[in-house]
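Engineer: based on what follows, work out the 3D shape:
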Amino acid sequence: RGVRVWLAGAALAIGVPLAALAWLLGTESGLGAAVALGQRATDGALQIEGGRGTLLGPLKIDALRYHGAGLRLDLQALEVAWQPAALFRRTLVVDRLAVGRIDFAQRADETEDAERPAPVPPDDLRIPLAVELRHVEVGRFALREWPQAGQGDPPPAEADGGAPASGSEGAATAAAETFWFADLRAALESDGRHHRLRELALSLEQGRAEIEAGIDGLKPFALAASGRFDGALEGRPVDLRLAASETLLAPRIEVQASSEGLNAHATLDAAPFEAMPLRALKIEAGEVDPSAFVAGMPRAALTLAVELAATADGGSLLAGPFRLSNRTPAAVDAGGIPVAALSGRLDWKSASIGVEDLDIRLPGDGRIGGRFAWQPPAAA
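Structural biologist: Sure thing, here's the model as predicted:
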């Protein structure tokens, strides 16, 4: 009898919490209880309305708002469908994550630039389980200015911790937009160490951007990424291609751009976690006619070649040769530029910028040589 009583007690001790957990995760009434609990735990900062489904999925929420002291986040039309059973295989599988609209605002950091700590490289980018985000979509994302006092204050919470009254607007949706994108589509996967962004496509005000990328979770974080942008800048069509390689700590980035006959190619060796985030820069661009892009500018056929690199002794941030050539030099009163070529060696130091071996070639045999140096005024 003692054994039977012990077993019955153990069954109750285990079964009751499991039943409560199953009710909380697997029923719509449990979802309502979880929402009320979350709202009370955040003193009303979290507000949810129109929740349907279960936490085990599929789940739909008409509106979710979090209005904290320094953060305002408003989500509309949230949908989640995932596979809880996959967690037993140490895999998070999300079949669909969709948000109709996201409005985000954050209080500005008033810390002076000089007081901000330098960026620190990560030690490890591995995660404890595999991940499959098969389909992610966002209808529209808007980054907004932090609202002024009294502008779009958070709606008051209901006395019973329920959702706010229908039609109320949060602070994030009351301030002006500073940046937005729309029609985002994404998919990513990871085995815990190797992370791959299979697809990321979104629309900006200027056009459509697409990116694919992969990164190793162990140092130095091997990186491979590519992207493209097709759109218009200043009313002119732009075709942009981007590729990143090497590592996250020292990436090499190549950019190829073209617009109405102008072609440009740039290669950057970066150091994003160092005080000087650029180690080398090479640019080849042209031919370009300034008058075709800016009204009132003179006519010319310019090509640019620049090759800069940080010096081994650290004396210069970047140094190296540059050359600007003009295939069609002409007099100023004829609407042209009376220079055939301009070249030299740029020396960019932390406190000054100089040009050595300055060589300006004029049409015919004209030539001007010299040097140039500029030191910005000291900070107050």
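Engineer: in the chain, where is pLDDT below threshold?
Structural biologist: 1-31, 34, 110-116, 148-174, 379-380 (pLDDT under 70).
Engineer: how is it partitioned into domains?
Structural biologist: 1-108+125-148+175-205, 260-379 (the TED database).
Engineer: show me the helices in the chain, by range?
Structural biologist: Using DSSP state H, the helices of the chain run over 2-26, 28-41, 290-293.
Engineer: before we move on, back to that, among the domains of the chain, which is nearest Glu254?
Structural biologist: domain 260-379 (5.2 Å; C-beta to C-beta). Heads up, the C-betas are built off the backbone N, CA and C, glycines and all.
Engineer: coming back round to it: out of the domains of the chain, flag the one nearest Pro119.
Structural biologist: domain 260-379 (5.1 Å).
Engineer: might you calculate how far the closest one sits from the centre of the chain?
Structural biologist: Mean-position distance between domain 260-379 and its chain equals 29 Å (C-alpha atoms, centre = their mean, to the nearest Å).
Engineer: now swap in stretch 233-245 and tell me
Structural biologist: On C-alpha atoms, centre = their mean, the centre of stretch 233-245 falls 17 Å from the chain's centre.
Engineer: ok, back up a step: can you add mean neighbour count and give the domains of the chain back as TSV?
Structural biologist: Compiled in TSV, these are given as follows (neighbours: other C-beta atoms under 10 Å):
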stretch	mean neighbour count
domain 1-108+125-148+175-205	15
domain 260-379	14
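Engineer: distance of Leu268 relative to Gly217?
Structural biologist: Separation of Leu268 from Gly217 (C-beta to C-beta, to the nearest Å) stands at 24 Å.
Engineer: what's the answer for Ile337, then?
Structural biologist: Look at Ile337 and Gly217: by C-beta to C-beta, they are 52 Å apart.
Engineer: on that earlier part again, closest to Ala222 out of the domains of the chain?
Structural biologist: Ala222 sits nearest to domain 1-108+125-148+175-205 of all the domains of the chain, at 9.2 Å, using C-beta to C-beta.
Engineer: can you give me the strands in the stretch 51-200 of the chain?
Structural biologist: With strands called from DSSP state E, counting those that start in this stretch, the stretch 51-200 of the chain shows them at 59-67, 71-82, 91-106, 130-144, 177-190, 194-203.
Engineer: quick one: list the elements packing against the fifth one.
Structural biologist: What that stands for is strand 177-190. Here strand 177-190 touches strand 130-144, strand 194-203, going by 3 or more C-beta pairs under 8 Å, 6 or more residues apart in numbering; DSSP states H and E.
Engineer: contacts only, for the nearest residue to Arg367 once chain neighbours are set aside.
Structural biologist: The shortest distance from Arg367 to any non-neighbouring residue, by C-beta to C-beta, 6 or more residues apart in numbering, is to Arg361 (5.8 Å). Arg361 makes contacts with Val339, Ala340, Ala341, Leu342, Arg367, as judged by C-beta atoms under 8 Å, 6 or more residues apart in numbering.
Engineer: in contact with the fourth one, which residues?
Structural biologist: Taking C-beta under 8 Å, 6+ apart as the contact definition, Leu342 lies against Arg323, Leu324, Leu358, Asp359, Ile360, Arg361.
Engineer: and which of those residues is nearest Pro290?
Structural biologist: Leu324 (11.7 Å).
Engineer: and that closest one, how far from Leu346?
Structural biologist: According to C-beta to C-beta, Leu324 and Leu346 sit 12 Å apart.
Engineer: and if you look at Leu46?
Structural biologist: Counting by C-beta to C-beta, the gap from Leu46 to Leu346 is 54 Å.
Engineer: equivalent analysis for Gln106, please.
Structural biologist: The gap separating Gln106 from Leu346 is 38 Å, by C-beta to C-beta.
Engineer: one more: Ala225?
Structural biologist: Distance of Ala225 to Leu346, computed by C-beta to C-beta: 29 Å.
Engineer: same deal with Leu125?
Structural biologist: From Leu125 to Leu346 the distance is 36 Å (C-beta to C-beta).
Engineer: run through the bridge partners of the closest residue to Arg185 other than its chain neighbours.
Structural biologist: Once flanking residues are discounted, Arg185 sits nearest to Ala201: 4.9 Å by C-beta to C-beta, 6+ apart. Per DSSP bridges, the residues bridged to Ala201 are Arg185, Glu210.
Engineer: surely Ala201 touches Arg208?
Structural biologist: Yes: using C-beta atoms under 8 Å, Ala201 is in contact with Arg208, at 6.9 Å.
Engineer: now for the closest residue to Ala310 other than its chain neighbours: which residues touch it?
Structural biologist: Spatial nearest neighbour of Ala310, chain neighbours left out: Arg279 (5.1 Å); criterion: C-beta to C-beta, 6+ apart. The neighbourhood of Arg279, defined by C-beta under 8 Å, 6+ apart, consists of Ala250, Asp269, Ala270, Ala271, Ala309, Ala310.
Engineer: which two of the residues you listed have the greatest separation?
Structural biologist: Comparing all pairs in those by C-beta to C-beta, the longest separation belongs to Ala250 and Ala309, at 13.4 Å.
Engineer: any shared contact partners between the two?
Structural biologist: The overlap between the contact sets of Ala250 and Ala309 (C-beta under 8 Å, 6+ apart) consists of Asp269, Arg279.
Engineer: and the strands in the stretch 201-350 of the chain?
Structural biologist: With DSSP E, counting those that start in this stretch as the criterion, the stretch 201-350 of the chain has strands at 207-216, 223-233, 236-246, 251-259, 262-270, 278-288, 302-309, 318-326, 341-348.
Engineer: for the fourth one, packing partners?
Structural biologist: Using 3+ C-beta pairs under 8 Å, 6+ apart as the contact criterion, the elements in contact with strand 251-259 are strand 236-246, strand 262-270.
Engineer: perfect, that will be all.
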